[in-house]
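Colleague: build me a model from this:
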Amino acid sequence: MNTHSFYDPTLETMPLAEKRDYFNHRLERIVRFAYEHAPAMKEKLDKAGIAPAAIRMDKDLEKIPITRKEDLPKFQKANPPFGGFVTVPPERLEWIIVNPGPLYVPSHTEECYQATAKALYAGGFRPGHLVVNTFGYNYHAAWLITEGLRRLKVTLIPTGAGNTEFQVQVMHDLKVNGFLGTPSFLNNILKKIPEMGLDFHRDFALRIAMVGGEPASPALKKSFKDDYGIGTPDFYGNTEVGTLGFECEHKTGFHVPEEIFTEVVEPGTGKQLAPGQVGEVVVTPFYEIYPVLRLGTGDLSAYTDETCPCGRTSRRLLGIRGRVGDAIRARAIFIFPHQVQAVVSRSPQVSRHQLVVSRVNERDYLTLKVELRVPVSQESLSAALIQGFQEACGLKLDKVEIAAPGSIPETAKALVDERKWE
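Modeller: The predicted model follows:
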């Protein structure tokens, strides 16, 4: 495929009235397809008393109950392996990623990969670039980005996460142009360069970094640009659907790719909100392998349908404003209260607990505070909690803190996010 197809002005600058007709046609088709081929979707529509023919336009989606992201592992446990959402047998999939939960995530369709390639292209990646991908390959993002880069004919160097000195050496030796990963890891790499006796401006070719998985503070992104000359276009995505939005050069919000229909709805009711109103991001991808209708991302945002200065007429999400409910995203991974509860319940000496996510040196810092029923070896308890948390959530705790009795109120939230992004 010609890489210029990843900016298709016929579709991406289509007048709004025509684009709405385009989406309504696609929504009709995917609802009908999901009903006929995905048992979980058929059951959901039948229970709601909704026939596929009742979904004729975007507003009709309000009739369909939202599928909650945190419920997907429950669906998969009740109806293994994919909960009735996948429309082909496992042996026909290219790959299957196992995420904490566990949650089995299937490979998607060509349209999903094209949406990712579209995001990478808008971010500035081009054929001939050498790009390191530092997202861990045990997670969906790394594979999705790999497929997008392949379609752009970019030379991919899959370094994975960690080992900062190794990353610096690779980027130096191969004169890498592009970086993919979390902003905190990129910052660590850049700080390591002078420690290794190298000069960024003299010895490196890095000029573009698409960062994600965690918010990047304005100060950090300004440092990337002013101190190193590195552009940092953002992208927005999740495990189940993949790429949900991307920035163009004007940085006016996340452009939603035409392979997905996105709503912003009132939490609790699922009613669609008007432009500018903050609500939950709910997505319906047009992917026939995994046709999840109205997937609630849990993210809060607002949108605009105004045409961007770049000419794209796609709906734009105006940043991520927080989360619905109690889940927290740290180091590119969602943490749910029930996961932490499961870890702590293995240590009966713990009476109360609270996970606090803060920000230290532009990195997500995880502290598990625990109150004790009886005295216990803090070293052995900390080791058990750290190991259990790694197994359950796929992340390493930075600290286990023994809290004074009564310091964690009975009504305290299980997960607390103390990070500030201003």
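Colleague: following the lowest-mean-pLDDT helix or strand in the chain, which helix or strand shows up next?
Modeller: Least confident element among the helices and strands of the chain, by mean pLDDT, DSSP states H and E: strand 322-323 (a mean of 76). Using DSSP states H and E, the helix or strand that follows strand 322-323 in sequence is strand 328-330.
Colleague: hmm, who's touching that following strand?
Modeller: Contact partners of strand 328-330, identified using C-beta atoms under 8 Å, 6 or more residues apart in numbering, comprise Gly213, Glu214, Arg323, Phe334, Ile335, Leu355, Val357, Asp364, Leu366, Leu395, Leu415, Asp417. To be clear about C-beta, it is placed using only N, CA and C from the backbone, and glycine gets the same treatment.
Colleague: pick out the residue nearest the middle of the chain.
Modeller: Asn238 (3.1 Å; C-alpha atoms, centre = their mean).
Colleague: look up which residues are beta-bridged to it.
Modeller: Gly242 (DSSP bridges).
Colleague: and the least confident helix or strand of the chain, which strands flank it?
Modeller: By DSSP bridges, strand 322-323 pairs with strand 295-301 (antiparallel).
Colleague: partner strands of the helix or strand that comes right after the partner strand and their direction?
Modeller: Sequence-wise, the next helix or strand downstream of strand 295-301 (DSSP H and E) is strand 303-304. Sheet pairing here is set by DSSP bridges, and for strand 303-304 it gives strand 316-317 (antiparallel).
Colleague: avg pLDDT for the strand it pairs with?
Modeller: Strand 316-317 carries an average pLDDT of 97.
Colleague: same thing with stretch 124-135?
Modeller: On average, stretch 124-135 scores 92.
Colleague: now do the end-to-end distance for it.
Modeller: 19 Å (C-alpha to C-alpha, to the nearest Å).
Colleague: in it, what's buried?
Modeller: Gly124, Phe125, His129, Leu130, Val131, Val132, Asn133, Thr134, Phe135 (16 or more other C-beta atoms under 10 Å).
Colleague: go through those residues and name the one nearest Pro183.
Modeller: Thr134 (11.1 Å; C-beta to C-beta).
Colleague: isn't the closest one right up against Asn163?
Modeller: No: counting by C-beta atoms under 8 Å, Thr134 does not reach Asn163; the two are 9.6 Å apart.
Colleague: which residues of the stretch 151-300 of the chain fall in helices?
Modeller: 164-173, 183-195, 200-203, 218-228 (DSSP state H, counting those that start in this stretch).
Colleague: make TSV out of those helices and add mean neighbour count, distance to Glu249 and mean pLDDT.
Modeller: As requested, these are exported to TSV (neighbours: other C-beta atoms under 10 Å; distance: least, C-beta to C-beta, whole Å; pLDDT from 0 to 100):
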stretch	mean neighbour count	distance to Glu249	mean pLDDT
helix 164-173	17	24	97
helix 183-195	18	19	95
helix 200-203	12	23	96
helix 218-228	14	13	91
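Colleague: so which of the ones you listed is nearest Ala53?
Modeller: helix 183-195 (46.1 Å).
Colleague: between helix 218-228 and the closest one, find me the angle.
Modeller: 30 degrees (axes from the mean of the first three to the mean of the last three C-alpha atoms, to 10 degrees).
Colleague: which outside residues touch helix 183-195?
Modeller: 134, 161, 164-165, 167-168, 171, 179, 199-200, 203-204, 209, 211, 214-216, 220-221, 223-224, 228, 230, 232, 331, 362-364.
Colleague: any idea of the angle it forms with helix 164-173?
Modeller: 70 degrees.
Colleague: pull the CA atoms of helix 183-195 into CSV?
Modeller: Extracted in CSV, the C-alpha atoms of helix 183-195 (Å, rounded to 0.1, in the frame of the first residue of the first chain):
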residue,chain,number,x,y,z
PRO,A,183,7.7,10.0,28.2
SER,A,184,9.4,9.1,31.5
PHE,A,185,11.6,6.4,29.9
LEU,A,186,12.6,8.8,27.1
ASN,A,187,13.6,11.3,29.8
ASN,A,188,15.7,8.7,31.5
ILE,A,189,17.5,7.9,28.3
LEU,A,190,18.2,11.6,27.6
LYS,A,191,19.6,12.1,31.1
LYS,A,192,21.8,9.0,30.7
ILE,A,193,23.5,10.3,27.5
PRO,A,194,26.0,12.8,29.2
GLU,A,195,26.7,10.3,31.9
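Colleague: ok, Phe389 - how many residues close by?
Modeller: 23 (other C-beta atoms under 10 Å).
Colleague: what do you get for Thr243?
Modeller: Neighbours of Thr243 (other C-beta under 10 Å): 29.
Colleague: pLDDT weak spots in this protein?
Modeller: 1-5, 421-422 (pLDDT under 70).
Colleague: could you redo the last one with a cut-off of 50?
Modeller: 1-4 (pLDDT under 50).
Colleague: how much space between the closest residue to Lys59 other than its chain neighbours and Met57?
Modeller: Nearest non-adjacent residue to Lys59, counting by C-beta to C-beta, 6 or more residues apart in numbering: Gln272, 6.8 Å away. Distance, Gln272 to Met57, by C-beta to C-beta, to the nearest Å: 11 Å.
Colleague: looking at the two, which is more packed in?
Modeller: Gln272 (16 against 13).
Colleague: quick one, what contacts the nearest residue to Thr155 once chain neighbours are set aside?
Modeller: Closest residue in space to Thr155, ignoring its immediate chain neighbours: Leu130 at 4.8 Å, by C-beta to C-beta, 6+ apart. Residues near Leu130 by C-beta under 8 Å, 6+ apart: Val154, Thr155, Ile157, Leu174, Lys175, Val176, Asn177, Gly178.
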